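> Kindly generate the corresponding structure for this input.
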Amino acid sequence: FVLTVVPSQVPNCYARHFPPPPEEWREWLMVGLLPSSRGGCNDLILSGHATITSSLGCAFTSVAANTSFSIAVWTLIALDYSIEAYQGLHYSVDMWLGCIVTCLLWQLTKPLEIAGQRGKNTQNGKTKKGSTVRPSPLN
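Okay, the predicted model is just below:
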């Protein structure tokens, strides 16, 4: 986990999020006990945001029969990643790596999905009448 952490791209993030500690131990203890939801100043090399949006894109593409819909989904995802990188909220590498790794893992687990669909369509070793296993448009 430590090897996947990259430094913050936001200037003065550490100074704003982590002021100097108080001198007196009671003040230090009180500061440590206050809840803080401002987040940290590091980013992961595989963005969680990219992983979630890529998983949704893979799921939509897997069930969509319309190629135009799949192209639209991935275009919007690419636009989202570009905007996040342009605004400085993420590094571009963590967004694109999150997408690539998620899509590769999705393809790696595709045989499990196909085997599960075949298992649902068979009963006592015979295929149900009229059932077919439709391949994903990603292939």
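
> mind checking how far the residue most central in space within the chain is from residue 26?
Centroid-nearest residue in the chain, with CA atoms, centre = their mean: residue 51, separated by 1.2 Å. As judged by CB to CB, to the nearest Å, residue 51 and residue 26 stand 42 Å apart. (Glycine included, C-beta is placed from N, CA and C.)

> in the protein, which spans are strands?
Here the chain has its strands, by DSSP state E, at 5-6, 43-44, 122-123, 126-127.

> pretty sure residue 22 is in contact with residue 31, am I right?
Yes. Using CB atoms under 8 Å, residue 22 makes contact with residue 31 at a distance of 6.2 Å.

> And the residue nearest to residue 50 when sequence neighbours are not counted, how far from residue 42?
Of all residues not flanking residue 50 in the chain, residue 98 sits nearest, at 2.8 Å (CB to CB, 6 or more residues apart in numbering). Separation of residue 98 from residue 42 (CB to CB): 15 Å.

> the more surrounded of the two?
residue 98 (24 against 12; other CB atoms under 10 Å).

> residues touching that one, list them.
46, 47, 48, 49, 50, 51, 54 (CB atoms under 8 Å, 6 or more residues apart in numbering).

> Just give me the neighbour total for the residue nearest to the last one when sequence neighbours are not counted.
Beyond its immediate neighbours in the sequence, the residue positioned closest to residue 54 (CB to CB, 6+ apart) is residue 102, lying 3.8 Å away. Around residue 102 there are 21 other residues, counting by other CB under 10 Å.

> Sweet, I'm off.
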